[in-house]
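Chemist: 3D model of this:
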Amino acid sequence: MGKCWLLSPLLLFLALSAVLLPPPPAAACHPDDLRALRAFAGNLTAGGDDLLRAAWSGGGSCCGWEGVGCDGAGGRVTALRLPGRGLAGPIPGDSLAGLARLEVLDLSRNAFSGGASPVAAIAGLRAADLSSNLLLGSLPDLAALPGLVAFNASNNSLSGALGPDLCAGAPALQVFDLSGNRLAGALPSSATLPPCAATLQELFLGANSFTGALPAALFGLAGLRRLSLASNALAGQVSSRLRGLTNLTLLDLSVNRFSGRLPDVFGDLTSLEHFWAHSNGFSGSLPPSLSSLSSLRDLNLRNNSLSGPIAHANFSGMPLLASVDLATNHLNGSLPVSLADCSKLKSLSIAKNRLTGKLPEDYSRLRSLSMLSLSNNSLHNISGALTVLGHCENLTTLILTKNFVGEELPSDDIGGLKSLEVLALGDCALRGRVPEWLSQCKKLEVLDLSWNQLVGTIPSWIGELDHLSYLDLSNNSLVGEVPRSLTQLKSLVTARRSPGMVFTNMPLYVKHNRSTSGRQYNQLSNFPPSLLLNNNGLNGTIWPEFGNLKELHVLDLSNNVMSGSIPDALSRMENLELLDLSSNNLSGSIPSSLTELTFLSKFSVAHNHLVGPIPNGGQFLTFTNSSFEGNPGLCRSSSCILNQSGETNVNNVTQSATSIRNRKNKILGVAVCMGLALAVLLCVILVNISKKEARAVSDEDVEGACHDTYYSYSKPVLFFQNSAKELSVSDLISCRLIGVVPEALLSSGAFVISSGGQSTTDFYGYVGVFVLLPDDSATAREVVPITSEFEIRNVQYVQLL
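Modeler: Residues are numbered from 1 along each chain as shown. From the prediction side, this is the model:
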């Protein structure tokens, strides 16, 4: 879920205060405030202070300075709004305390460090936004701010427990946002209500490390309208006292460790509009009182252990529903007909349950439906389902994977579905041919018909789908040549902006092996442009025109009966990351120009009839012998020295190396035996000398060993122009992925530089990744593995020699 709704209350407060405050007077501001503002700018670290002093360098009243707001009488500063100005250093608390009438403070989206406690010294503060900085330490005691109404310190690194109560002592607090920090421990469980019990309306504690059960004091906050506790480690059952929060419009309990049944109390929460409790351990049936939520717009209970007949839930009482996600549970029975009464429904996912039966004909009334996922169930009658959905003229995403097992894929025109952008009918064992009616789906960007029993040829009209960038026809029984038209797919020839939507609450997965869980994509533009035609009976040659597909990332033609040579033109596919041509009848040599594919991280031509030297350079330095096995005529050496039989063989080289290693091992064994005897004698002599120092040396060695082991793993490598430059988050966002290499090549300095585009999130969790900033570079630095946006912001750099 997005964070816009989390920040909107405080931003609204700040915006309203800006409108309601009178315009600044022409007279000079109060001298005390002038001194305080100049001191504030002077206490910032280099860079930010210069920018601020430049903005405040004009003459006249400080009330006319950028970001400064004053009252209409005495020229006293009442508001200081400096979001996203690149300001850094500790928050100048003493300077801010000198602004005696300051009520509104917005320092969000800067690089302030140190603690947040200086704001507690601003006695008249009513609203403070410190979000998205680099603040550390504990949460300040807000009891000294009796007029504080809104406080936002989200997306920092505050740590410690939340105390002394759910309001941090602030008696008049209405909006409290601490999400995205490192706060931990149990939520305050005071027997008495917190001081803000009568005023608090919005509480956001998500993305921290809180543990334990929900305290009773939480359910005493009767005025709460929005409550988010998502992404913590909270556990236990949710109390039926939840019914006391009758003013709730948003409740987010997702990604915790809650268990047991959902309390059947929703009849008292009639104002609830958004209810998210996905990724927990909730069990039992859906609470019947859910049908009383007439204001509900979003319902997300995916990834729990809910069970029972889904049809028992009456969705007719929720006419405003726009999004329903009940995927990855144990719900059974037939699809609920009552969902057809939700005329505003846009997104529906009930994937990975135990549903049976047909798609109800009444679903043809879901004219607003744009995303539907029913994958991994046991539905039948695919012809009827597609006919019904053909009436949903706004349907753009249809995921029906693992249903309709063994049925015939209808070939007749079913009508409708002209707006489809994503169609997944994989792993259904469907019979028939690639249907002609798909040619009318001109907006298709993703088409997955893999793991079926389709026969015949690949129709040439697929190459006329201008927006198609992901095609998976693998694991079928297709024959004939690959249509030359596929080498002219417009979205793979040149970079094109996808007209498609963003997947906000329906994650999609791509997997090419049934034993893996697959990679999740929540955005259509993040799908890797791919042609997956493997495991069929395709013949003919590999078209040189494949080299035109400069935007293609994955090309898999493996396990077919293709013949001829590997075209040299494939080296023009400059963004290619995976090329699998294994298990065909290819002949000739491997073009040396393929070393120019600097993004290539996986390559295989195994089990063909190739001969000659394996290219030596670029990403080919990273590929193991398994990428080339089954080709007796291939060799690793550029000279391809003939063995006694006159053949050059990668396997022979491996066997020779093994024989040499065996002889070396025998010699080494004799040396080890002699060395052991000498070592025992030396140990006896030194044991008494070293006994007093042994423990200290051991501790030091262990610590050093751990450090060395940590840095021995492959790590991302950043290239940039200026070795003195400190990289920022914005720098990393513009980074470009180069390739994945093993530790051995990292340490040898065998780096490859190229270009291409990837988002920052694509680097999370990678090791051995090359990236390049927009300007060309010659300097390399090594960094620790990236696992989150925070670690990108605080990454440590080590110079490579």
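
Chemist: Could you check how many residues crowd around Asn394?
Modeler: Counted by other CB atoms under 10 Å, the residues lying close to Asn394 total 12. Yep, even glycine has a C-beta here, placed from its N, CA and C like the rest.

Chemist: distance of it from Ala385?
Modeler: Per CB to CB, to the nearest Å, Asn394 is found 17 Å from Ala385.

Chemist: cool, Ser460 as well?
Modeler: Ser460 sits 28 Å away from Ala385, going by CB to CB.

Chemist: Just want to know which of the two has more residues nearby.
Modeler: Ala385 (25 against 13).

Chemist: nearest residue to the more buried one other than its sequence neighbours?
Modeler: Nearest non-adjacent residue to Ala385, counting by CB to CB, 6 or more residues apart in numbering: Leu359, 4.1 Å away.

Chemist: list the contacts for that neighbour?
Modeler: Counting by CB atoms under 8 Å, 6 or more residues apart in numbering, Leu359 makes contact with Leu335, Leu374, Leu379, Asn381, Gly384, Ala385, Val388, Leu389.

Chemist: Work out for me the element it sits within.
Modeler: Leu359 belongs to no helix or strand when elements are defined using DSSP states H and E.

Chemist: ok, now the one 10 residues further on?
Modeler: Per DSSP H and E: Leu369 is located in neither a helix nor a strand.

Chemist: How about it: what's its closest non-neighbour residue?
Modeler: Leu369 sits nearest to Cys392 (CB to CB, 6+ apart), 4.8 Å away.

Chemist: Show the contacting residues for that neighbour.
Modeler: Neighbouring residues of Cys392 by CB under 8 Å, 6+ apart: Tyr363, Ser364, Leu366, Arg367, Leu369, Leu372, Gly416.

Chemist: Quick one, grab the pLDDT at it.
Modeler: If you check Cys392, the pLDDT there is 96.

Chemist: Regarding it, what is its secondary structure?
Modeler: When classified by DSSP: H, G, I helix; E, B strand; the rest coil, Cys392 comes out as coil.

Chemist: Phi, psi for it please.
Modeler: phi -90, psi 90 (degrees, to the nearest 10).

Chemist: how much space between it and Ala186?
Modeler: 47 Å.

Chemist: Next: Leu430.
Modeler: Distance, Leu430 to Ala186, using CB to CB: 52 Å.

Chemist: Please say which of these two ends up with more neighbours.
Modeler: Legend: neighbour count by other CB under 10 Å for Leu430 and Ala186, higher for Leu430 (23 against 14).

Chemist: Pretty sure that one sits against Ile382.
Modeler: Yes: contact criterion CB atoms under 8 Å: Leu430 and Ile382 qualify, at 7.2 Å.

Chemist: Can you check which residues contact both of the two?
Modeler: Phe404, Glu407, Glu408, Leu409.

Chemist: and the second one, what is it in contact with?
Modeler: Translated: Glu407. His380, Asn381, Ile382, Ser383, Cys428, Leu430, Arg431.

Chemist: so where do the helices sit in the stretch 451-600 of the chain?
Modeler: For the stretch 451-600 of the chain, the helices defined by DSSP state H, counting those that start in this stretch occupy 490-493.

Chemist: where in it is pLDDT low?
Modeler: 496-526 (pLDDT under 70).

Chemist: let's see 80
Modeler: 496-527 (pLDDT under 80).

Chemist: How about the secondary structure of Ala36?
Modeler: helix.

Chemist: Next, count neighbours for it.
Modeler: Counted with other CB under 10 Å, Ala36 comes out at 22.

Chemist: measure it to Leu570 for me?
Modeler: For Ala36 relative to Leu570 (CB to CB), the value is 66 Å.

Chemist: show me the contacts for the spatially closest residue to Cys62 that is not a sequence neighbour.
Modeler: Spatial nearest neighbour of Cys62, chain neighbours left out: Cys29 (4.2 Å); criterion: CB to CB, 6+ apart. Contacts here follow CB under 8 Å, 6+ apart; on that basis Cys29 touches Ser61, Cys62, Cys63, Val68, Cys70, Gly75, Arg76, Val77.
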